[in-house]
Each structure stands twice: as structure tokens, then as C-alpha cells.
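Asker: Curious how this folds, go ahead:
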Amino acid sequence: MLEKGLVEGVICVQNKPEDRFGPMPIIATTREEILAARVNKPTLSPNLNLLDQVEQSGMKRLLAIGVGCQIQALRAVQDKIGLEKLYVLGTPCTDNVTRSGLQKFLDTTSRSPETVVYYEFMQDFNVHFKHEDGSQELVPFFGLNTKELKDVFAPSCLSCFDYVNSLADLVVGYMGAPFGWQWIVVRNEMGQEMLDLVQGQLETQAVDSRGDRKAAVQQSIPAYDKAVTLPMWFAKIMGVVIDKIGPKGLEYARFSIDSHFTRNYLHVKRNHPGMVDQHVPPYAQKIVSQYKLPD
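Answerer: Residues are numbered from 1 along each chain as shown. Model (predicted):
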């Protein structure tokens with residue numbers, strides 16, 4: 001989009017030079033700056049701090065890449081920063097952490113936290129860690145030390161109901177796709193315009209949906225609430241079994257949405273009881289109503 005002149009700049013996130021997981025938002029104006037923003041930064045990133053720079057720069061056409069909370073805020077002010085055209089490329093997002101919270105997660109979960117260069121919670125029910133030497137480490141979801149990790153998530157993430165980044169033009173992530181594939185949602189003409197630029201480079205297949213998420217979601221509610229951690233040997237067996245018979249494709253996406261919405265609903269209800277009806281959107285309340293929740 002930059003090279004074709006569709007936009008003059010791209011809001012994206014590079015790493016801080018001194019910290020491989022420290023987010024450094026920039027307005028990229030070259031191919032090299034965009035490519036330097038590769039790889040997930042799983043920490044809270046102040047992308048919208050750049051909007052003053054956008055306004056001062058005189059840019060009129062912008063592409064912004066971000067997660068749901070960033071895009072909601074951007075949409076609220078986009079008409080006030082002098083843009084003629086704004087494209088939004090989004091990713092799905094469930095949880096984010098502070099840099100110290102991320103370090104606690106790495107120290108608690110990985111065999112070698114100091115060498116982790118990348119990680120992601122994947123749809124095979126494992127956390128995938130990549131290390132500096134190229135080796136991969138898999139840790140099953142069910143073996144995470146939930147008791148130690150319950151306090152690392154940002155309160156904003158624990159009260160979020162926009163996993164799917166609903167205000168982006170085009171969303172790319174893995175949540176509704178088979179393992180190893182990405183899932184693409186085109187929401188409008190601008191999203192289709194972006195996808196058309198790379199359509200010829202993509203291999204595609206139809207969206208699939210298999211399994212039933214509801215039992216797994218229901219079991220996950222008290223497990224998280226009571227901070228249950230299984231022995232690692234049993235967690236690995238559970239991971240293999242659920243990967244074989246559990247939800248796949250769109251049903252995995254529904255599993256992830258439902259499990260996070262029930263958790264977040266409980267967080268809002270317990271910490272901000274007077275805000276439930278105002279803050280939890282009707283679609284989320286409808287999803288949550290399918291499950292039995294603790295008090």
C-alpha cells in the first residue's frame with residue numbers, strides 16, 4: 001500500500017533496540033521500517049501516541065495496524081486528525097500484559113525465559129515458544145501456572161469484549177483457521193481493496209468448523225476461577241486428546257471467544273457490578289448466558 005502510493009504512512013510497532021519485547025510504535029514511511037516491525041509484541045503498546053505526529057506531519061492517507069482497543073479509540077477520533085483516507089488492518093486479541101507481567105509469564109512458563117524471541121498461544125492448545133537457537137518449546141495450556149499468572153493481564157483486557165477487532169476493515173489472525181493457516185475477515189470495501197493487493201500471492205481454502213466447544217468452555221470456567229493447574233504430564237496428555245477431538249476452525253474461534261467472554265464477564269461483575277449492563281454488550285451477554293457461572 002505504501003509503495004503503490006495508497007497511503008503515506010503506516011502505524012506499526014517495532015521493538016525497542018534494548019528490549020526484544022519492548023514495543024516501539026512508529027509511523028513507517030519505507031519498506032524497511034515496515035519489515036522491521038515483524039513479529040508479535042505481546043505487551044501493551046501506546047500506538048495512539050503517534051496521532052499528534054500524524055496530525056503535525058500533514059499526512060492525508062494512513063494505514064493503521066492494531067488490536068481492538070487501539071482501533072476503537074482510533075475510530076473515535078479519526079475525523080479530528082485531518083485524514084482524507086484511513087485504512088485499518090487489525091488482528092484478533094484476547095489478552096495483553098505490561099512488560100513486567102510478560103517477564104513473569106516467561107519466567108513462570110518457559111524452560112529458558114532469557115532466550116525466548118517469540119511466543120504465541122496456538123489453536124493446538126499449546127503455547128509455542130521460539131528460542132534464539134531456533135528451537136521450539138511447547139507448553140500445554142492446561143499446564144500453565146494459573147495461580148501465579150492470574151494477575152498479569154491488564155485490567156483493560158479483562159474487561160474487553162472485542163476479541164474479533166470489529167471496527168477494523170480487514171482482520172488477519174489464526175483464531176478461525178486450521179493450525180498453520182491464517183483466518184481473514186473482510187468487513188467492507190476498504191478491507192477488500194487491501195486484500196486485493198495480495199490476493200494473487202495467497203493460497204486459500206474454505207473456512208471449516210468441527211467439534212463442539214461448549215463442554216470445553218464450561219470446564220474452563222471453574223478451572224480458571226479456582227486457578228487449577230494440572231501436573232505437566234497430565235496436561236500434555238489432555239492437550240493431545242483435546243487437539244484430536246476438540247473444536248477446530250470456526251468452532252475453535254467460538255471456544256476462544258466464549259471462554260474469554262465468560263472470564264471477562266465475571267471480572268466486570270465482581271469488580272464493577274454497577275457497570276455490567278452498561279459495559280457488557282448485548283452480544284457478549286447472549287454468549288455468556290449459555291454457561292453456568294460461579295457467583
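
Asker: C-alpha from now on. contacts and neighbour counts both.
Answerer: Will do.

Asker: which residue packs closest to Ala37, ignoring adjacent ones?
Answerer: Spatial nearest neighbour of Ala37, excluding adjacent residues (CA to CA, 6 or more residues apart in numbering): Gln14 at 4.2 Å.

Asker: so the one you found sits in a strand?
Answerer: Yes. The assignment for Gln14 by DSSP: H, G, I helix; E, B strand; the rest coil puts it in a strand.

Asker: doesn't Thr146 make contact with Leu230?
Answerer: No. Using CA atoms under 8 Å, Leu230 is not in contact with Thr146, being 9.6 Å away.

Asker: my guess is Val127 meets Phe141, correct?
Answerer: Yes. At 6.5 Å, Val127 counts as touching Phe141 under the criterion of CA under 8 Å.

Asker: which residues touch the longest strand seen in the chain?
Answerer: Longest strand of the chain, by residue count under DSSP state E: strand 19-28. Here strand 19-28 makes contact (CA atoms under 8 Å, 6 or more residues apart in numbering) with 9-16, 34, 41-47, 50, 54, 99, 117.

Asker: where does Leu62 land in three-state SS?
Answerer: Strictly by three-state DSSP, Leu62 counts as strand.

Asker: same check, this time on the one 3 residues further on
Answerer: Under the three-state scheme (three-state DSSP), Ile65 adopts strand.

Asker: in the sheet, who's paired with it?
Answerer: Leu89 (DSSP bridges).

Asker: okay, now it: neighbour count?
Answerer: When counting by other CA atoms under 10 Å, one arrives at 20 neighbours for Ile65.

Asker: Then Arg187?
Answerer: Counted with other CA under 10 Å, Arg187 comes out at 14.

Asker: In space, what's closest to it - neighbours in sequence excluded?
Answerer: With CA to CA, 6+ apart as the criterion, Arg187 has its nearest non-adjacent residue at 5.3 Å, and that residue is Asp169.

Asker: buried ones in the longest strand of the chain?
Answerer: Buried residues in strand 19-28, counting neighbours by 16 or more other CA atoms under 10 Å, are found at 21-28.

Asker: ditto for stretch 112-131
Answerer: In terms of neighbour count (16+ other CA under 10 Å), stretch 112-131 has its buried residues at 113, 116-119, 122-131.

Asker: re earlier: what's the next secondary structure element after the longest strand of the chain?
Answerer: Counting by DSSP states H and E, the element after strand 19-28 in chain order, helix or strand, is helix 31-35.

Asker: counting contacts, what elements does the one helix or strand Gln103 maps to pack onto?
Answerer: Using DSSP H and E, Gln103 falls within helix 99-109. For helix 99-109, the packing partners by 3 or more CA pairs under 8 Å, 6 or more residues apart in numbering; DSSP states H and E come out as helix 146-149.
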